[in-house]
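**Q** A predicted structure for the sequence below; I have some questions about it.
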Amino acid sequence: MTPAAKTHLVKSLARGAGFDLVGVTCADPIRRAAYYRDWLDAGYGATMQYLRRNVRLRAEPARLLDGARAVICVALSYKRSDGYQRTIRPQVDGTLPHRQDAGATRNQRTVRPQVDGTLPHRQDAGATRYQRTVGPQVDLGADASPVRPTGLIAQYARGRDYHLVMREMLATLVDRLRGQLTEQFEARAFVDTGPLLERELAAAAGLGWFGRNTCLLNERFGSYLFLGELVTTLDLAPDTPVPSRCGTCMRCVEACPTKALVRPRLLDASRCIAYLTIEHRGQIPAEFHAALGDRILGCDACQQVCPYNARAPLATHPELVSEVIPARVDLLQLLSMGNGAYRRLTNNTAATRARRNIWRRNAAIVLGNLARADEKIRSTLKKVCFDADPVVRSAAEASAARLETSA
Ligand code: B12
Ligand code: SF4
Ligand code: SF4
């Protein structure tokens with residue numbers, strides 16, 4: 001069978017296995033790997049030490065499998081009905097955002113890219129940093145009573161764990177390929193956890209382009225896409241990358257609540273709410289508390305405003321769209337949750353990445369953002385000021401103090 005015919009078969013089987021997008025790139029060394037190293041050296045990877053491991057493997061996917069020739073890249077949509085908002089969610093209590101908050105939606109077109117193509121150092125990036133002191137006030141939930149405040153969970157974490165779902169789908173794809181091809185081949189599957197530059201590979205395979213929020217963005221499916229790969233010994237015909245179609249749009253950069261997008265396509269993870277609420281294990285610096293708003297785990301702000309996500313169809317994979325974790329979770333319950341409740345809440349979801357006390361830390365911070373806090377909330381927070389976990393304790397202390405000053 002010719003490489004073109006095999007590639008055709010791979011694509012039709014991948015679609016049959018349920019993937020929304022599939023493309024092929026060769027397993028050659030990655031051209032822009034130096035960008036990744038510079039990004040880490042500039043400090044944008046924050047405390048994510050695992051990104052520093054296997055840097056060479058990330059740059060050379062062929063090292064992941066003897067005789068590797070191609071990488072089959074797949075994507076699966078996880079877009080939910082709250083995947084698009086023209087502007088970042090209005091405050092439900094009817095108050096206007098503080099002036100500092102309004103700054104979050106200001107046009108950043110004046111942030112000049114560095115013409116020499118080098119990355120600004122984190123300290124330099126501070127020049128464009130956003131000094132937020134007062135943040136959005138937390139939605140008490142449309143149907144919730146004022147004493148049951150809730151916090152928001154990012155879309156990617158709500159369904160069944162995409163690592164499990166997509167690895168199973170990739171295994172099905174390999175089985176079907178073995179059933180149809182007479183030649184022997186090897187294939188190794190990756191979804192998120194392997195030492196690969198997944199966006200880079202997906203872009204090379206023509207699945208989409210890098211949005212200004214750094215996400216891989218497809219013209220039809222938008223950016224709520226999980227990525228996965230099969231590194232394989234099969235000889236396949238590579239696809240061609242697609243050009244960027246962001247045009248003059250800057251909505252994602254403008255919408256970022258913490259100005260983590262230092263400039264288009266450059267993310268300072270140490271400022272990103274997804275990093276702060278999931279990956280970061282210590283105390284969240286006070287300068288970000290208000291900007292968290294009501295976000296408990298992850299952040300979708302820079303995707304929610306993307307016009308391509310307005311048009312994209314809703315995800316159809318039943319396990320990814322299932323609400324294993326609801327969109328909004330009761331903050332007081334989170335704060336008091338024990339190990340059993342934590343397991344019941346997060347089992348089989350990608351949200352297990354954040355341990356129980358990380359969830360509790362985040363809930364404590366979000367409670368401090370409440371526009372109105374009754375006595376129950378204040379007394380619960382005060383109790384948590386004596387928590388055994390120093391990080392949870394300090395988050396509760398900061399929030400109790402904020403509620404005191406806003407009373
Ligand atoms: C570390 C990590 C994070 C970090 C850092 C994110 C980041 N932007 O780097 C944090 C914790 C902040 C994070 C957050 C999220 N993540 Co994450 N994350 C990863 C992980 C494990 C590594 C990414 C990485 O290497 N970053 C380092 C930077 C330098 O690399 P990069 O962003 O891939 O950039 C490459 C290209 O963008 C390109 N490039 C960058 N700039 C420029 C500029 C020009 C001019 C050009 C031409 C190219 C170019 O070169 C880079 C190096 O190859 C990947 C899985 C993987 N192994 O790839 C998932 C991954 C990127 N994350 C994913 C998701 C879903 C998220 C969240 C949406 C989750 C959430 N809702 O909270 C957010 C999105 C935040 C955002 N705006 O990016 C998906 C993204 C899918 C997609 N459509 O892009 C991935 C691919 C996991 C998966 N398998 O699906 N994540
Ligand atoms: S995920 Fe949130 S904090 Fe991170 S870059 Fe996007 S909007 Fe900013
Ligand atoms: S919001 Fe605009 S700039 Fe950002 S990724 Fe979408 S199209 Fe590109």
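**A** Sure, I can see it. Ligands and ions are numbered 1, 2, ... in the order given.
**Q** remind me which residues of the protein are low pLDDT?
**A** 87-147, 407 (pLDDT under 70).
**Q** near ligand 1 at all, whichever helix in it runs longest?
**A** Ranked by residue count, the top helix of the chain under DSSP state H comes out as helix 162-180. No: Helix 162-180 does not reach ligand 1 (Cβ under 6 Å from any ligand atom); its nearest approach is 6.8 Å. All C-beta spots, glycine's among them, are computed from the backbone N, C-alpha and C.
**Q** ok, the helix or strand just after that helix: who's next to it in the sheet?
**A** With elements assigned by DSSP states H and E, the helix or strand that comes after helix 162-180 is strand 187-190. Applying DSSP bridges, strand 187-190 is found paired with strand 225-232 (antiparallel).
**Q** any residue of the strand it pairs with up close to ligand 1?
**A** Yes: using Cβ under 6 Å from any ligand atom, strand 225-232 reaches ligand 1 at L225, F226, L227.
**Q** between that strand and helix 162-180, how many degrees?
**A** 40 degrees (axes from the mean of the first three to the mean of the last three Cα atoms, to 10 degrees).
**Q** Going by contacts, tell me the helices and strands next to whichever helix or strand comes after strand 225-232.
**A** Per DSSP H and E, strand 225-232 leads on to helix 251-255 as the next helix or strand towards the C-terminus. Helix 251-255 is packed against strand 261-263, helix 301-304, with contacts defined by 3 or more Cβ pairs under 8 Å, 6 or more residues apart in numbering; DSSP states H and E.
**Q** now with 6 Å?
**A** Where contact means 3 or more Cβ pairs under 6 Å, 6 or more residues apart in numbering; DSSP states H and E, helix 251-255 is packed against helix 301-304.
**Q** buried ones in the following helix or strand past the helix it packs on?
**A** As assigned by DSSP H and E, the chain's next helix or strand after helix 301-304 is helix 307-311. Going by neighbour count (16 or more other Cβ atoms under 10 Å), the buried part of helix 307-311 is Y308, N309.
**Q** What are the buried residues along whichever helix or strand comes after helix 307-311?
**A** Using DSSP H and E, the helix or strand that follows helix 307-311 in sequence is helix 318-321. Neighbour counts over helix 318-321 (16+ other Cβ under 10 Å) mark L320, V321 as buried.
**Q** what residues does helix 318-321 touch?
**A** Y78, G159, R160, V165, A315 (Cβ atoms under 6 Å, 6 or more residues apart in numbering).
**Q** Let's see it as CSV, backbone CA atoms only.
**A** Taking C-alpha atoms only, helix 318-321 is exported to CSV below (Å, rounded to 0.1, in the frame of the first residue of the first chain):
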residue,chain,number,x,y,z
PRO,A,318,-20.8,11.3,25.6
GLU,A,319,-18.1,10.8,28.2
LEU,A,320,-16.5,14.1,27.6
VAL,A,321,-19.7,16.0,27.7
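**Q** what about it, near ligand 1?
**A** No: interface with ligand 1: helix 318-321 contributes nothing (Cβ under 6 Å from any ligand atom), its closest point being 11.4 Å away.
**Q** This completes my enquiry, with thanks.
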